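In: no FASTA, just this:
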């Protein structure tokens, strides 16, 4: 499932981007404003969609974005490639890059991502109940199999830009901290931003969120 936004005349990078929504909601059409701003940086954003839980259980979501990514990249063979998303979309984007479903040089942009589903949601130990809508059976083993942090390897992703809002009410920053530590352990190129002015994902009608997205795009094209 692919949504193409208006073509960028002189493409500096192709960004495969995946919407959030806890694997249960959201649409590629939610990313129209992301794509419009990306075009200002000569970045062609293509939104990848996937079938939603609980009607469709894991790994249907991953299979859908793998197929969509393969279809899109055939048309952009000579363009620098990046992949990422917000929240559940960042989770899927990391699976694509770290999991070997895209070239090893593919950059990763993760915003408010869920990377290790074994981590608690709160200090009291509450877990991510939404995971129960994604997995057929929730066990420590299936939680691990759902978590892309374990797929990270040396040189994969090629380089990473992690962004997390300090005001995020849904996904604790420990998710991004854990991924950053894993990437450093594997000696991967990494940029991390914890933004005190943004919450969960990006509301591009707000200036702080818009600026945060612009900084991510600058990182992508200035490499």
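Out: Yep, that arrived. Here the structure is a predicted model, which means the values were calculated and not measured. Numbers count the residues shown, from 1 in each chain.
In: partners of residue 43 in the sheet?
Out: Taking DSSP bridges as the rule, residue 43 bridges to residue 13.
In: which residue ranges form the strands in this structure?
Out: Assigned by DSSP state E, the strands in the chain fall at 2-4, 13-18, 43-48, 81-86, 107-111, 159-165, 189-195.
In: chain center to the second one: distance?
Out: So the one you mean is strand 13-18. A distance of 10 Å separates the centroid of the chain from that of strand 13-18, by Cα atoms, centre = their mean, to the nearest Å.
In: what mean pLDDT does that strand have?
Out: Average pLDDT, strand 13-18: 98.
In: try the third one
Out: What strand 43-48 shows for mean pLDDT is 98.
In: let me have the strands of the chain in TSV, extended by distance to residue 117.
Out: C-beta here means a position set from N, CA and C on the backbone, and glycine is covered the same way. Below are the strands of the chain laid out as TSV (distance: least, Cβ to Cβ, whole Å):
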stretch	distance to residue 117
strand 2-4	27
strand 13-18	17
strand 43-48	21
strand 81-86	16
strand 107-111	15
strand 159-165	16
strand 189-195	20
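In: rebuild those strands as a markdown table, extending it with mean neighbour count.
Out: Shown next, in a markdown table, are the strands of the chain (neighbours: other Cβ atoms under 10 Å):
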| stretch | mean neighbour count |
| --- | --- |
| strand 2-4 | 16 |
| strand 13-18 | 26 |
| strand 43-48 | 25 |
| strand 81-86 | 28 |
| strand 107-111 | 28 |
| strand 159-165 | 25 |
| strand 189-195 | 16 |
